[in-house]
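J.: Please find the sequence and the predicted model below.
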Amino acid sequence: MAYAAVEFLKHTIEYLVSPSQLKLLLPNSEMKLFYDELCHLQSFLETTDPSQSIETVESTRAQILDAVYKIGDPIVSFISDHRFLPASESSIDETLTLLLKFRQEICPFTKTLTEDDHNVREESHSSASAIVPLEKDKQRSNLFASSKTMQRLYDELQHWVCSRASNLNVIFVVGMAGIGKTTLVKQVYYNPYTIGHFDLRFFLPIGPQCDLNEILLLALDQLGVHSDENHKKNYDENSLREYVYQSLYGRRYLIVLDDIWNTEVWNDLRRFFPDNNNGSRIILTTRLLDFADRAGIHRFIQIPFLNEDESWNLLREKVFTDEEICGRELERIGRKIAKKCEGLPLAIIQVAELLCEIEKTVESWKIIAEKEDPLTIRSDDDTPLSKAIFQSYRMLPQYLKVCFLYMGVFPKKYVITRPKLIRLWVCEGFLAPQENKTSEEKADEYLNELISQSVVLNTKLRSVGTGTTKTCRLHFTFRSLCVNEAKSEKIFPVIKKYTDSFPEEIDSQHRLCFHNNVLLSFQQVHTSLKSSVPDIVSLLCYGPKQQYPIRLYLPFRLLKVLDAASVRFYEFPNQVVELVHLRYLAVTSNGEIPSSISCLWNLEVLIIHRHHRVIKSSNSPVYLPVEIWKLHKLKHLECTGFDLPDPSPVNDGSLILEKLLTLSGVSAHSCTKRVLARTPNLIKLGILIESAHDSVETFSFFGNFASLHQFESFKCVVVNPGPKVVSFIPINFPANIKKITLSGCAFPWEYMRVIAALPNLVALKLRWYAFCGPKWDMSGWGGFPQLKYLLMEDLDIQHWIIDNPSEFPLLTRLFIRHCYRLREIPSEIGEILTLEVIQVDDSSQSVVISGRQIRDEQSDYGNDYLQLYNHSSLDGKKKKKHNHDQLLRL
């Protein structure tokens, strides 16, 4: 990826060379020419239309990539070696030689790129569109016979299309590539009832390379106006629009705009679709989740993935004829293969085609089932699935591509948390500085964009923030693309086995990602790394956590990111403190942290865990060295098993973490007034308390929160709570706090009055006896003015009493989990106008019944937005038993 390589080199130069050091190292004019050349290349690559591509442009990009890696790396290495040394004539000459060589290498590229870009744009403007007439396949797809969900969506769309509403209605069908959007719409489009209901029907494939005239000409073809090329040239845009508009005027029509990529196309087309007030309909399909908001469309259908049974049914129907019988053992393996397709219909169909080409034997199918992924997605693969998946990637803006490919570092099924991903992106330097916006805020926007493009899947929403993700993942198809493209673009290779570490596999890579941490202990691997990639900037260890310590070899002087939390060390690795460029450090160590950690003055993220098998011999805290206060760039500190020391002496102004935003894993000993006073911009605090044997001493820190004016989120977990309910402990929170999570605190329900009065509290999570007692009576409280999210989990509450729905005026989501003693959900909850979701997991049947009553009552009043979700672990066990019994009967 040429853009990512140029971006990396530019930011590395910015990072390594300050203006004052630059003047000592070499003439400023030479560096400026070099830097300007990089900016020019980056600007061009960034503005190139992702939907345009010809071989010469791609070839030139590949040459830029090679030049950056071949010459850019020595430049970075040289500057890093000499940045703190006095300049000499030989060092200046050597640097100038490198810069000149680089500029000579890339100078021809600039001219070629400019010319080729002009040719691409001209070719795109003049060439015929890729739009082709629709093949009228009226056969019902196996997908609908296999999936109750797809059948339900089909019924919903069919009912909407032929409903009695007279005004022109628009709906959009959304989902990732290969999920069945076009298949669903085609079923409705070719339904005989649909054909008879409308006077005219258009099915117009749009695609990313959209030419308005070509779309209109296709519409004329479907109207029966067939013209040769000479006649088509006589139509100008205005006459085409007028002809289509007049053809539709006064008639009931159905128009499908398939695979639409931007709202500008929709805004252009909608102008010549008249509202005849006769029940005309327009259906749009898209991969863009935010299309409805941007286009002002209020109705949409989002297609979900198939479940495990639906996946197997589709695979079986594609592989076996009606006369063939699938044996019990073959079904067991087939279900495993289908599950690995992760519910994507097009992937299942492609796997079925592979299975049809081999013998239907247990041995043959096991080979497919034992692979990590059933299919491999590559840019040079011509299968429908690979083309569809790669098109989604190709259409991403350049600035998103490297962030997206980077997500391939995480193993399959790895739960990617939003904070971790954003911090890695920031520390890797993927985000250019921007005025009035922090790097974290910009990274947050990038992740939202990737989710809206349907290339990253949202797996869990945040309790604070409307519709934003808390955790996400990659579908196996996109992860396969990321791993393969990232290696070919020299962003990172994934190392799983010994041969992956050979020089030919890792040469010229800028990052290494290990999914097998044991390999790091091999001397042969050390030798290969030292000779092949001495200047890597990131080392990511995401293999399974190791029970026994291994030796980590760290000769990488330019390392900026070291994520080795899954690698266990007996002692803190002293090599780490020599890596002065580190911005992100995560390790697991049972030893003391050395005072020399202050040498890591670039650190922005520090994560230190103690091994979970280490049992503290006493309740006395284990402190980080006082030098930790000298890490003035530190933004995020997570130190499970460690505490922040007292910043003595008080009058030492240098002992302050002015940029620290989050602090987690510490105990109450880190919540003294003096510690909190030295973290003036702290936003998020997470406390882990081993035991609450002395409740007065344990929770006395609550009195120190008043000074935290920026404080927004607080989490307190007591691992071994005492047997008695806490009492006589004054608790208070800063007025600005938005989120509170409590677990094991054993507070009496009366203490909830303090929390209910907080004016800005949006999310409240109560877990594992956070509050104790049989009754939570809110009569006359009048609290929770801003609360939108409430979680009650593992509580011993029996009665929940609410006088008035005004106690929760803005509540939108209510979650009740494992509250087996709770009798019912108060009926007043249903009267909350903003409530959208009630979810009950593994609680008493009476709670489920009361939830259904609330939902049904609201439905009778016309409130169809309230959704009730109920999950029971017993249902899952019954389902597994049913599947097992079905197999036994075969």
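T.: Cool, the structure landed. Numbering: from 1, shown residues only.
J.: Residue 869: which element?
T.: Here residue 869, judged by DSSP states H and E, is contained in strand 867-871.
J.: Output the contacting helices and strands for that strand.
T.: Judged by 3 or more Cβ pairs under 8 Å, 6 or more residues apart in numbering; DSSP states H and E, strand 867-871 is in contact with strand 837-841, helix 845-860. Bear in mind the C-beta positions are built from the backbone N, C-alpha and C, glycine included.
J.: Next, the buried residues of it.
T.: 868, 870 (16 or more other Cβ atoms under 10 Å).
J.: Please shift the residue numbers so they start at 147 in all later answers.
T.: Got it, first residue is 147 now, which makes that one strand 1013-1017.
J.: Convert that strand to PDB, retaining C-alpha atoms only.
T.: Included here for strand 1013-1017 are C-alpha records, laid out as PDB according to Å, rounded to 0.1, in the frame of the first residue of the first chain:
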ATOM      1  CA  GLN A1013     -38.400  -4.500  22.000                       C
ATOM      2  CA  LEU A1014     -38.200  -7.400  24.500                       C
ATOM      3  CA  TYR A1015     -35.400  -9.900  24.400                       C
ATOM      4  CA  ASN A1016     -35.200 -13.000  26.500                       C
ATOM      5  CA  HIS A1017     -32.300 -15.400  26.700                       C
END
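J.: how far does it sit from the chain's center?
T.: 25 Å (Cα atoms, centre = their mean, to the nearest Å).
J.: which residues are contacting it?
T.: Outside strand 1013-1017, the residues within contact range by Cβ atoms under 8 Å, 6 or more residues apart in numbering are 982-988, 994, 997-998, 1000-1001.
J.: and which of the residues you listed is nearest residue 305?
T.: residue 1001 (21.7 Å; Cβ to Cβ).
J.: surely that closest one meets residue 1012?
T.: Yes: with contacts counted by Cβ atoms under 8 Å, residue 1001 reaches residue 1012, the gap being 5.6 Å.
J.: Just want the most central residue of the chain.
T.: residue 618 (4.0 Å; Cα atoms, centre = their mean).
J.: hmm, back to that, which among the contacts of strand 1013-1017 count as buried?
T.: Using 16+ other Cβ under 10 Å, the buried ones in the contacts of strand 1013-1017 are 984-986, 988, 994, 997, 1000-1001.
J.: Among those, which one sits closest to residue 431?
T.: Closest to residue 431, out of all of these and judged by Cβ to Cβ, is residue 985, at 30.1 Å.
J.: in terms of contact, does residue 466 touch residue 472 like I think?
T.: Yes: the criterion here is Cβ under 8 Å, and residue 466 meets it with residue 472 at 5.6 Å.
J.: backbone phi and psi for residue 858, please?
T.: Main-chain torsions, residue 858, degrees, to the nearest 10: phi -120, psi -30.
J.: before we move on, the earlier item: parallel or antiparallel, which strands does the strand holding residue 1015 pair with?
T.: strand 983-987 (parallel) (DSSP bridges).
J.: quick one: the partner strand to helix 991-1006, angle?
T.: Note on geometry: by axes from the mean of the first three to the mean of the last three Cα atoms, to 10 degrees, strand 983-987 and helix 991-1006 are set 160 degrees apart in direction.
J.: returning to that earlier point: surely the residue nearest to the centre of the chain meets residue 601?
T.: No: counting by Cβ under 8 Å, residue 618 stays clear of residue 601, with 10.5 Å between them.
J.: tell me the mean pLDDT over the strand holding residue 1015?
T.: The pLDDT scores in strand 1013-1017 average 92.
J.: again with stretch 302-316
T.: Rounded mean pLDDT across stretch 302-316 is 93.
J.: Over to stretch 530-544?
T.: Stretch 530-544 comes out at a mean pLDDT of 94.
J.: What residues of it count as buried?
T.: In stretch 530-544, counting by 16+ other Cβ under 10 Å, buried: 531-532, 534-539, 541-542, 544.
J.: Quick check: the gap between residue 890 and residue 914.
T.: 5 Å (Cβ to Cβ, to the nearest Å).
J.: and what of residue 323?
T.: 41 Å.
J.: What of residue 536?
T.: Applying Cβ to Cβ to residue 536 and residue 914 gives a distance of 46 Å.
J.: Could you pull out the helices in the stretch 547-696 of the chain for me?
T.: Assigned by DSSP state H, counting those that start in this stretch, the stretch 547-696 of the chain shows helices spanning 564-574, 585-598, 622-634, 649-652, 669-678.
J.: picking that back up, which of the buried ones among the contacts of strand 1013-1017 lies closest to residue 909?
T.: Among the buried ones among the contacts of strand 1013-1017, and counting by Cβ to Cβ, the member closest to residue 909 is residue 985, at 14.7 Å.
J.: Assign a three-state SS to residue 810, would you?
T.: Following DSSP: H, G, I helix; E, B strand; the rest coil, the label given to residue 810 is strand.
J.: So what sits opposite it in the bridge?
T.: Here residue 810, judged by DSSP bridges, has bridge partners residue 784, residue 832.
J.: So for it, what pLDDT did the model give?
T.: 95.
J.: And for residue 167?
T.: Residue 167 is given a pLDDT of 48.
J.: what does the one 4 residues further on give?
T.: The predicted local distance difference test score for residue 171 is 49.
J.: and if you look at residue 294?
T.: The confidence metric pLDDT takes the value 87 at residue 294.
J.: before we move on, what about the one 4 residues further on?
T.: Residue 298 carries a pLDDT score of 92 in this model.
J.: For residue 305, see how far away it is.
T.: Taking Cβ to Cβ as the measure, residue 298 falls 11 Å from residue 305.
J.: What segments of the stretch 647-796 of the chain are strands?
T.: Counting by DSSP state E, counting those that start in this stretch, the stretch 647-796 of the chain has strands at residues 657-660, 684-687, 707-715, 730-735, 751-755, 782-786.
J.: Residue 339 is nearest to which of those strands?
T.: Judging those by Cβ to Cβ, what sits closest to residue 339 is strand 657-660, at 53.5 Å.
J.: contacting residues for residue 417?
T.: Residue 417 neighbours (Cβ under 8 Å, 6+ apart): residue 387.
J.: Now residue 957: closest residue in space that isn't a chain neighbour?
T.: residue 978 (5.2 Å; Cβ to Cβ, 6 or more residues apart in numbering).
J.: Please apply the same query to residue 786.
T.: residue 811 (3.7 Å).
J.: Surely the one you found touches residue 784?
T.: Yes: using Cβ under 8 Å, residue 811 makes contact with residue 784 at a distance of 5.0 Å.
J.: tell me, what's touching those two both at once?
T.: residue 755.
J.: So which helix or strand of this structure has the lowest pLDDT on average?
T.: Sorting the helices and strands of the chain by mean pLDDT, DSSP states H and E puts helix 165-171 at the bottom, at a mean of 46.
J.: Of the contacts of strand 1013-1017, which pair is most distant in space?
T.: Going by Cβ to Cβ, the pair spanning the contacts of strand 1013-1017 furthest: 982 and 988, at 21.6 Å.
J.: Sheet partners, orientation included, of the strand or helix carrying residue 911?
T.: Using DSSP H and E, residue 911 falls within strand 909-913. Applying DSSP bridges to the sheet, strand 909-913 is found paired with strand 885-889 (parallel), strand 935-939 (parallel).
J.: ok so, going back, can you add distance to residue 727 and mean pLDDT and give the helices and strands packed on strand 1013-1017 back as TSV?
T.: Output for these, formatted as TSV (distance: least, Cβ to Cβ, whole Å; pLDDT from 0 to 100):
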stretch	distance to residue 727	mean pLDDT
strand 983-987	46	95
helix 991-1006	54	93
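J.: of all the ones you listed, which lies closest to residue 561?
T.: Short answer: strand 983-987, nearest of the helices and strands packed on strand 1013-1017 by Cβ to Cβ, at 18.5 Å.
J.: Kindly format the C-alpha coordinates of the closest one as CSV.
T.: Extracted in CSV, the C-alpha atoms of strand 983-987 (Å, rounded to 0.1, in the frame of the first residue of the first chain):
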residue,chain,number,x,y,z
VAL,A,983,-35.1,-2.3,24.8
ILE,A,984,-35.8,-4.6,27.7
GLN,A,985,-33.5,-7.6,27.9
VAL,A,986,-33.9,-10.4,30.4
ASP,A,987,-31.2,-13.0,30.7
